[in-house]
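A.B. asks: fold the following and give me the result.
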Amino acid sequence: MALGSFSLPLFPSRRPISTLRSPLLSPPLRFRLPLTTAIGPDGKFYPTPSDDDPPEAPEDSMHGVSKFQQIHRQAARARKQQEERAKNEQSIFLNAIADVEDSPDDPLLDDGQDDFFGEIDKAIALKRKEFVKQGLLKPNPKKATPPELEVIDELDPEEVIDMDEIRELTGLTEISAGGAESQEQSTQNKVKGEFSDLSSFHIDFDNFSKTRPRIVEPTFRMSLAELLDESKIVPISVYGDIDVEITGVQHDSRLVESGDLYVCCTGRTEKADDDMHVYLSEASKRGASAIVASKEVVDVGHNKALVIVDDTDAALPILSAIFYRHPSKNMSVIGITGSNGKTATSYLIKSLYEAMGLRTGMLSSVAYYIHGDNKMEDIEPPIATSDSHLVQKLMAKMLHNGTETLVMDASGSCDELVDFDIAVFTNLTQDHLDDFHNEDDDDEELKHRRNAIAELFTRMVDPERHRKVVNIDDPNAAFFISQGNLSVPVVTFAVENKKADVHPLKFELSLFETTVLVNTPKGILEISSGLLGRRSVYSILAAVAVGVAVGAPLEDIVKGVEEVDVVPGRCELIDEEQAYGVIVDHAHTPRSLSTLLDYVRELSPRRIITVFGCAGESDRGKRPMMTKIATDKSDITILTSDNPKNEDPLDILDDMLAGVGWSMQDYLKYGENDYYPPLPNGHRLFLHDIRSVAVRCAVAMGSCW
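C.D. replies: The predicted structure is shown next:
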């Protein structure tokens with residue numbers, strides 16, 4: 001979404017502080033004996049030291065932690081970071097000195113350079129000798145110096161034969177008057193060509209000095225008999241070798257690898273009634289060792305075993321959890337559920353835990369992270385959030401690579417066998433429901449989602465380990481708090497309800513930052529975040545509430561929240577130092593688009609330019625509604641194409657134009673006259689079926705107006 005030029009008062013920058021406290025009150029004064037007046041011989045008054053005000057006690061910014069404990073904690077953290085850095089950078093250092101020749105037995109006796117660089121060479125030699133003894137490097141003895149070749153004297157310039165002069169004299173070459181200039185130009189072109197490829201080197205300067213640990217794929221092996229026994233699945237029948245070795249579990253025949261157990265599920269593709277039994281032959285050709293099916297199979301191909309069960313869809317998550325050894329039981333898992341704000345809250349909580357020094361992974365609808373900046377690029381979200389098998393596999397990969405905490409979207413149906421430690425509820429609205437459905441259908445869908453969220457909170461039963469974090473501005477909050485064990489600690493947050501454990505004393509919204517003064521049971525925090533909009537305030541409060549629930553230091557809470565500058569596609573500000581503001585948001589429903597434009601209007605811009613499109617092969621009923629909302633709340637609206645799939649983009653645009661009472665024919669007629677009339681409210685509407693053209697048009701309008 002592109003916004004027009006803005007004339008906005010910028011909020012003054014504030015220095016983040018961890019706590020704000022009330023002024024210290026002095027104890028009541030006791031009765032003092034009268035003191036003699038201190039008059040000097042010169043007649044001047046000299047007060048005694050006892051009359052001076054006692055020094056005020058320094059403010060306790062560490063909440064009862066002694067100075068020694070502070071230094072001890074900082075030293076331990078620095079020592080841990082230094083050890084991790086040395087471990088991570090060891091492979092780089094080994095590669096750098098792998099080709100260095102071994103030095104004499106005592107490098108200090110080597111008559112090398114007696115300067116700064118000579119000392120560096122000696123240090124490297126000592127370190128290499130140490131690595132060779134440890135077996136980390138192979139010996140590389142010093143090679144014999146080859147004999148020096150006799151250097152032939154160079155010819156003097158007058159002794160060099162000028163071939164161009166000879167060709168000219170023999171008539172073989174005609175040298176023009178501009179020959180010298182042409183030769184000079186040729187030389188310049190050659191030099192230019194040698195350096196023209198420099199621009200082809202794309203260096204990521206942001207990550208140039210950063211090193212990432214190598215991500216290792218874990219390996220698992222288990223016999224089919226062991227897998228069936230531990231999963232407690234009672235098969236109807238078993239054919240073939242039940243002791244065959246299984247090296248993986250898969251339900252997509254296209255991804256089957258040699259040694260996998262292929263589970264024939266139904267409804268695992270875009271077509272809900274698709275039966276995966278028809279892909280048995282493909283799985284067999286790819287090397288599946290065994291098959292789990294819900295009906296008899298005539299030809300099992302090269303598979304060594306066939307297991308028949310009642311319900312393969314129910315068996316898949318159980319088999320996956322057993323095969324990958326229940327990875328969620330060995331890490332702390334935070335589940336975030338609700339209608340809105342899950343992704344932003346996930347990013348904030350991940351950053352908060354990393355500020356505490358914990359390796360934290362994330363599974364959200366936007367991205368998957370092993371931990372830190374190690375993003376999984378080979379899997380496109382949001383597949384994992386609805387795939388129980390993939391969730392178990394990814395968690396096992398995270399655990400194998402040192403992940404200690406996982407933050408995940410817990411709104412899918414894949415969470416049955418995930419062992420959650422903290423349940424976070426953001427809100428429950430109708431944003432994800434079809435706005436053109438009748439109220440009975442909406443109520444039924446809301447009830448279904450309410451029960452799905454409640455299932456997460458019913459698992460919060462251990463007061464020592466589990467925690468509930470709930471937004472009490474939502475009318476369903478009391479219902480979710482009552483689920484599970486009532487003895488489990490609950491931390492509440494809210495914007496409107498000041499009785500919440502975590503709530504804002506005040507907050508300020510601008511185009512560039514959100515400043516929140518947060519009240520917590522441990523103190524008051526001032527947070528300046530790059531996340532924009534009123535919805536981001538709720539996400540910030542949710543993250544702070546999680547930090548309070550786990551007893552995180554207040555300075556780590558502030559640091560973790562402020563580290564997140566942007567969440568991709570969530571009210572994302574694009575700042576390239578242009579003279580106008582640009583916000584990108586994933587708003588794809590009438591309600592979410594309306595909420596976004598209301599927030600932007602609160603910033604008091606001179607005008608709003610909105611560019612949006614509707615996806616193909618999806619709900620046609622919301623297309624005219626979104627156009628109506630955009631044209632009502634934007635000064636200029638540009639309709640465009642957005643992933644039409646197999647649908648004609650012009651048909652989609654025709655549906656969208658119906659929101660203002662136009663059709664494609666009407667719009668084309670206006671185009672013939674090169675005049676598009678304003679709408680009844682004075683706003684303007686344009687159309688470009690090529691998305692890049694629509695965006696460039698909006699940028700041009702923002703630059704000129």
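A.B. asks: use CA for all of it now, contacts and neighbours both
C.D. replies: Noted.
A.B. asks: who's in contact with stretch 564-581?
C.D. replies: 2-6, 343-344, 347-348, 351, 366, 511-512, 529-533, 582-586, 596, 702-703 (CA atoms under 8 Å, 6 or more residues apart in numbering).
A.B. asks: so for that stretch, what gets flagged as buried?
C.D. replies: Going by neighbour count (16 or more other CA atoms under 10 Å), the buried part of stretch 564-581 is Val564, Asp565, Val566, Val567, Arg570, Cys571, Glu572, Leu573, Tyr580, Gly581.
A.B. asks: keeping just the C-alphas, turn it into PDB.
C.D. replies: The C-alpha trace of stretch 564-581 is given here as PDB (Å, rounded to 0.1, in the frame of the first residue of the first chain):
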ATOM      1  CA  VAL A 564      12.400  -5.800  16.200                       C
ATOM      2  CA  ASP A 565      12.300  -3.000  13.700                       C
ATOM      3  CA  VAL A 566       9.800  -4.500  11.300                       C
ATOM      4  CA  VAL A 567       7.700  -7.600  10.700                       C
ATOM      5  CA  PRO A 568       7.400  -8.500   7.000                       C
ATOM      6  CA  GLY A 569       4.100  -7.400   5.500                       C
ATOM      7  CA  ARG A 570       2.700  -6.300   8.800                       C
ATOM      8  CA  CYS A 571       2.200  -2.500   8.500                       C
ATOM      9  CA  GLU A 572       5.800  -2.500   7.100                       C
ATOM     10  CA  LEU A 573       7.300   1.000   6.600                       C
ATOM     11  CA  ILE A 574       9.400   1.300   3.400                       C
ATOM     12  CA  ASP A 575      11.900   4.100   4.100                       C
ATOM     13  CA  GLU A 576      14.200   4.900   1.200                       C
ATOM     14  CA  GLU A 577      14.500   8.600   2.200                       C
ATOM     15  CA  GLN A 578      11.700   9.500  -0.100                       C
ATOM     16  CA  ALA A 579       9.500  12.500   0.500                       C
ATOM     17  CA  TYR A 580       6.400  10.400   1.200                       C
ATOM     18  CA  GLY A 581       5.500   7.500   3.300                       C
END
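A.B. asks: now it, how far from the centre of its chain.
C.D. replies: 15 Å (CA atoms, centre = their mean, to the nearest Å).
A.B. asks: just stretch 676-688 next, same as before
C.D. replies: In terms of CA atoms, centre = their mean, the centre of stretch 676-688 is set 38 Å apart from its chain centre.
A.B. asks: measure it end to end?
C.D. replies: Terminal residues of stretch 676-688 are spaced 13 Å apart (CA to CA, to the nearest Å).
A.B. asks: hmm, back to that, so of the contacts of stretch 564-581, which ones are in helices?
C.D. replies: Thr343, Ala344, Tyr347, Leu348, Ser351, Leu596, Gly702, Ser703 (DSSP state H).
A.B. asks: can you add pLDDT, neighbour count and distance to Gln74 and give those residues back as a markdown table?
C.D. replies: Formatted as a markdown table, the ones in helices among the contacts of stretch 564-581 follow (pLDDT from 0 to 100; neighbours: other CA atoms under 10 Å; distance: CA to CA, whole Å):
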| residue | pLDDT | neighbour count | distance to Gln74 |
| --- | --- | --- | --- |
| Thr343 | 92 | 23 | 32 |
| Ala344 | 94 | 25 | 30 |
| Tyr347 | 96 | 26 | 25 |
| Leu348 | 97 | 27 | 23 |
| Ser351 | 97 | 26 | 19 |
| Leu596 | 88 | 20 | 42 |
| Gly702 | 84 | 22 | 49 |
| Ser703 | 80 | 13 | 49 |
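A.B. asks: TSV for these, including distance to Ala293?
C.D. replies: Shown next, in TSV, are the ones in helices among the contacts of stretch 564-581 (distance: CA to CA, whole Å):
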residue	distance to Ala293
Thr343	36
Ala344	40
Tyr347	39
Leu348	42
Ser351	43
Leu596	47
Gly702	59
Ser703	61
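A.B. asks: which of those residues lies closest to Ala75?
C.D. replies: Nearest to Ala75 among the ones in helices among the contacts of stretch 564-581 is Ser351, at 21.7 Å by CA to CA.
A.B. asks: I'd say the closest one and Gly547 touch.
C.D. replies: No: Ser351 lies out of contact with Gly547 (CA atoms under 8 Å); the separation is 10.9 Å.
A.B. asks: what ranges does the stretch 251-400 of the chain have for its helices?
C.D. replies: 280-285, 312-323, 342-355, 388-400 (DSSP state H, counting those that start in this stretch).
A.B. asks: of these, which is nearest Lys67?
C.D. replies: Per CA to CA, nearest to Lys67 of the helices of the stretch 251-400 of the chain: helix 342-355, 20.8 Å.
A.B. asks: now for the closest one, which elements pack on it?
C.D. replies: Applying 3 or more CA pairs under 8 Å, 6 or more residues apart in numbering; DSSP states H and E, we find helix 342-355 packed against strand 332-337, strand 360-363, strand 405-409, helix 534-549, helix 554-563.
A.B. asks: swap in 7 Å and give it another go.
C.D. replies: strand 360-363, strand 405-409, helix 534-549, helix 554-563 (3 or more CA pairs under 7 Å, 6 or more residues apart in numbering; DSSP states H and E).
A.B. asks: buried deepest among these, which one?
C.D. replies: Using mean count of other CA atoms under 10 Å, the stretch among those with the largest mean neighbour count is strand 360-363, at a mean of 28.
A.B. asks: alpha carbons of that one, as PDB, please.
C.D. replies: C-alpha atoms of strand 360-363 as PDB (Å, rounded to 0.1, in the frame of the first residue of the first chain):
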ATOM      1  CA  THR A 360      15.100 -19.400  19.900                       C
ATOM      2  CA  GLY A 361      13.400 -20.800  16.800                       C
ATOM      3  CA  MET A 362      10.100 -19.700  15.200                       C
ATOM      4  CA  LEU A 363       7.300 -21.200  13.200                       C
END
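A.B. asks: mean confidence score for that strand?
C.D. replies: Here strand 360-363 scores 96 as its mean pLDDT.
A.B. asks: in its sheet, what does it sit against?
C.D. replies: Strand 360-363 pairs in its sheet with strand 368-369 (antiparallel), strand 405-409 (parallel), by DSSP bridges.
A.B. asks: tell me the angle of the longest one relative to helix 342-355?
C.D. replies: Right, the one you point to is strand 405-409. With axes from the mean of the first three to the mean of the last three CA atoms, to 10 degrees defining the directions, strand 405-409 sits at 170 degrees from helix 342-355.
A.B. asks: one step back: quick check: which of the helices and strands packed on helix 342-355 is nearest to His466?
C.D. replies: Here helix 534-549 is closest among those (CA to CA), at 9.6 Å.
A.B. asks: done for today, thanks.
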